[in-house]
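Enquirer: quick one: sequence and predicted model below, then my questions.
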Amino acid sequence: MTNTALVVGASGIIGSNLAQELLATNWPTYGLARRPNTRIAGLQPVATDLLDVARLETALADLRPTHVFITTWMRNDTEAENIRVNGAMVRNLLAVLGPKHSVQHVALVTGLKHYLGPFEAYVNGGVPPPTPLREAQPRLALDNFYYAQEDEVYAAAARDGFTWSIHRPHTIIGKAVGNLMNLGTTLAVYASICKATGRPFRWPGSQAQWEGLSDVTDARVIAKQLVWVATTEAARNEAYNVVNGDVFRWSWLWGRLADWFGVEAVGFGGSMQPLEAQMAADADLWHEIAAQHNLAEPNLSRLASPWHTDLDLGRPIEVMTDMANSRKRGFTVYQPTEDSFFDLFAQLRHDRLIP
């Protein structure tokens, strides 16, 4: 049987990069989203809502994917609601696909909140886990929608007989517009505003993040890991961390990012300076910058997610991950983090998303 991919969340950072990776290796690929990405050549859009079973059944009526990649989630006001909604999204999808008996493998993308707990847990002083973070660490005794999503995959796999994989990236660096969590583009927009106004490029986060070791995940790296597991039988039925393969300190990287934009870098000065506050009044300013430079997206909220960047950079501990589980099985992709940011910035400029 020819491999056929269904990428759920194909308009996001991970999903769009994964779709391009699959298409480059000649997989027939369908991209599911409420508002599908129609800018990727060869990607076949599927417009539907994972919470509407009737619409989902209609949208998938003629599709028999062999591989399903779940790269999406929906943010809600409480973790209990996150569990209810995001668990239902995975459950509905796999329930609709189950009777087709076509699915051979399901990959679910979650993240490091598997180890750190939901946003509120590490923001409000929860006990930090040991680092580097390893897949064998037990689940936390906390409500966590990632656990609910995993359990839906495990239950469907037992029922329908497909293999599975769980992928846990750190902060994703890659291009997407309208994404909920987009640190790289947020910093690019923030630096562009600093350039336009003469403001310093001021570190927003904690001392622990400024001084400690960290890592990130290039969207192209996780795309390659997802395809690697899908095509490597011995790699299935496992959970995998996925990061670039290097570590860095923000105190080293921050000035390099500032230099790319030609702005003044200011490091940790004794207290956090959240981006959400620094950028609170910048929506009209960004609209003016977009008009002046003929940019493609004048809506600041479509590009920047300062709330999420503040959560990542404000953690009270250093955070880095162990990659041994996939390395020993043969996944050897490596990406220098500095280049991840610079490649993204160049792409954003080329696509007229920053000046």
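Expert: Perfect, I can see it now. Residues are numbered from 1 along each chain as shown.
Enquirer: quick one: end-to-end length of stretch 310-329, please.
Expert: In stretch 310-329, first residue to last residue: 35 Å (C-alpha to C-alpha, to the nearest Å).
Enquirer: buried stuff in it?
Expert: Within stretch 310-329, the residues that qualify as buried are 310-315, 318-321, 323, 325-326, 329, counting by 16 or more other C-beta atoms under 10 Å. Glycine gets a C-beta too; all of them are placed from N, C-alpha and C.
Enquirer: now stretch 18-30
Expert: Counting neighbours by 16+ other C-beta under 10 Å, stretch 18-30 gives 18, 19, 20, 21, 22, 23, 27, 28, 29, 30 as buried.
Enquirer: now secondary structure, pLDDT and distance to residue 60 too, for those, in JSON lines please.
Expert: Below are those laid out as JSON lines (DSSP: H, G, I helix; E, B strand; the rest coil; pLDDT from 0 to 100; distance: C-beta to C-beta, whole Å):
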{"residue": "18", "secondary structure": "helix", "pLDDT": "97", "distance to residue 60": "19"}
{"residue": "19", "secondary structure": "helix", "pLDDT": "97", "distance to residue 60": "17"}
{"residue": "20", "secondary structure": "helix", "pLDDT": "96", "distance to residue 60": "22"}
{"residue": "21", "secondary structure": "helix", "pLDDT": "97", "distance to residue 60": "22"}
{"residue": "22", "secondary structure": "helix", "pLDDT": "98", "distance to residue 60": "18"}
{"residue": "23", "secondary structure": "helix", "pLDDT": "97", "distance to residue 60": "20"}
{"residue": "27", "secondary structure": "coil", "pLDDT": "97", "distance to residue 60": "17"}
{"residue": "28", "secondary structure": "coil", "pLDDT": "97", "distance to residue 60": "15"}
{"residue": "29", "secondary structure": "strand", "pLDDT": "97", "distance to residue 60": "15"}
{"residue": "30", "secondary structure": "strand", "pLDDT": "98", "distance to residue 60": "9"}
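Enquirer: for the residues you listed, which one is nearest residue 268?
Expert: Nearest to residue 268 out of these is residue 18 (C-beta to C-beta; 35.0 Å).
Enquirer: does that closest one touch residue 7 like I think?
Expert: Yes: using C-beta atoms under 8 Å, residue 18 is in contact with residue 7, at 5.5 Å.
Enquirer: which neighbours do these two share?
Expert: Residues touching both residue 18 and residue 7 by C-beta atoms under 8 Å, 6 or more residues apart in numbering: 69, 71.
Enquirer: where do the strands sit along the chain?
Expert: Defined through DSSP state E, the strands belonging to the chain, from first to last, are 5-8, 29-33, 44-47, 67-70, 105-109, 163-169, 172-173, 201-202, 213-214, 217-218, 238-242, 248-249, 265-266.
Enquirer: between those strands, which one is nearest to residue 256?
Expert: Proximity of these to residue 256 was assessed by C-beta to C-beta; the nearest stretch is strand 265-266, lying at 8.6 Å.
Enquirer: ok, back up a step: any chance of the strands of the chain in JSON lines, plus distance to residue 188?
Expert: Supplementary listing: these in JSON lines, determined by distance: least, C-beta to C-beta, whole Å:
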{"stretch": "strand 5-8", "distance to residue 188": "25"}
{"stretch": "strand 29-33", "distance to residue 188": "23"}
{"stretch": "strand 44-47", "distance to residue 188": "27"}
{"stretch": "strand 67-70", "distance to residue 188": "26"}
{"stretch": "strand 105-109", "distance to residue 188": "23"}
{"stretch": "strand 163-169", "distance to residue 188": "19"}
{"stretch": "strand 172-173", "distance to residue 188": "10"}
{"stretch": "strand 201-202", "distance to residue 188": "11"}
{"stretch": "strand 213-214", "distance to residue 188": "18"}
{"stretch": "strand 217-218", "distance to residue 188": "15"}
{"stretch": "strand 238-242", "distance to residue 188": "23"}
{"stretch": "strand 248-249", "distance to residue 188": "18"}
{"stretch": "strand 265-266", "distance to residue 188": "14"}
